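*Asks:* Predicted model, plus sequence, below.
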Amino acid sequence: MTKRDIENRTDIVEIITLFYKYSYQDERLGAIFKHIAPLDLTTHIPLVADFWEGILFDVFTYKGNVTENIFL
C-alpha cells in the first residue's frame, strides 16, 4: 500500500470509513461500537468528516460541539 497525503474530503471519508470497518472487526473495539456505544455511521461519518475537514483544510462545515455529538 502506497502512503499519500490527505488531499480532500473524499480522502477523509475514506480514512474514517476504513477506521470503522477495522474497528468493528476488532474483538474489543467492535464490542464497544456495536453494543456499548452504537453509532449510526450514516450520520456519524459525515459529521466526523466535517470536523476533520475543518481541522485539516480550514473549511468550516462542522457546526457543533465534538464532545456532544460523538454518538450521532
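*Replies:* Nice, thanks for sending it over.
*Asks:* Tell me the pLDDT of Met1.
*Replies:* At Met1 the predicted local distance difference test score is 67.
*Asks:* Repeat that for His44.
*Replies:* Model confidence at His44, given as pLDDT, is 89.
*Asks:* Same check on Glu68?
*Replies:* We note a pLDDT of 64 for Glu68 in this prediction.
*Asks:* Helices of the protein, start to end?
*Replies:* Shown for the chain, the helices assigned by DSSP state H span residues 9-25, 27-31, 41-57.
*Asks:* how about those, which one is nearest Asn65?
*Replies:* For Asn65, the closest of those is helix 41-57, at 10.3 Å, according to Cβ to Cβ. Heads up, the C-betas are built off the backbone N, CA and C, glycines and all.
*Asks:* Which positions within the closest one qualify as buried?
*Replies:* The neighbour-count check on helix 41-57 (16 or more other Cβ atoms under 10 Å) flags 44-53 as buried.
*Asks:* Show me what that helix is packed against.
*Replies:* Helix 41-57 is packed against helix 9-25, with contacts defined by 3 or more Cβ pairs under 8 Å, 6 or more residues apart in numbering; DSSP states H and E.
*Asks:* chain center to the helix it packs on: distance?
*Replies:* Taking Cα atoms, centre = their mean, to the nearest Å, one finds helix 9-25 lying 6 Å from the centre of the chain it belongs to.
*Asks:* Give the buried residues for that helix.
*Replies:* For helix 9-25, the neighbour count (16+ other Cβ under 10 Å) marks 9, 11-13, 16, 20 as buried.
*Asks:* by contact count, what packs against it?
*Replies:* helix 27-31, helix 41-57.
*Asks:* can I get these in JSON lines with distance to Asp5?
*Replies:* Written out in JSON lines, the entries for the helices and strands packed on helix 9-25 read as follows (distance: least, Cβ to Cβ, whole Å):
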{"stretch": "helix 27-31", "distance to Asp5": "26"}
{"stretch": "helix 41-57", "distance to Asp5": "10"}
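*Asks:* I'd like to know how far Leu39 sits from Phe19.
*Replies:* Computed as Cβ to Cβ, to the nearest Å, the Leu39 to Phe19 distance reads 12 Å.
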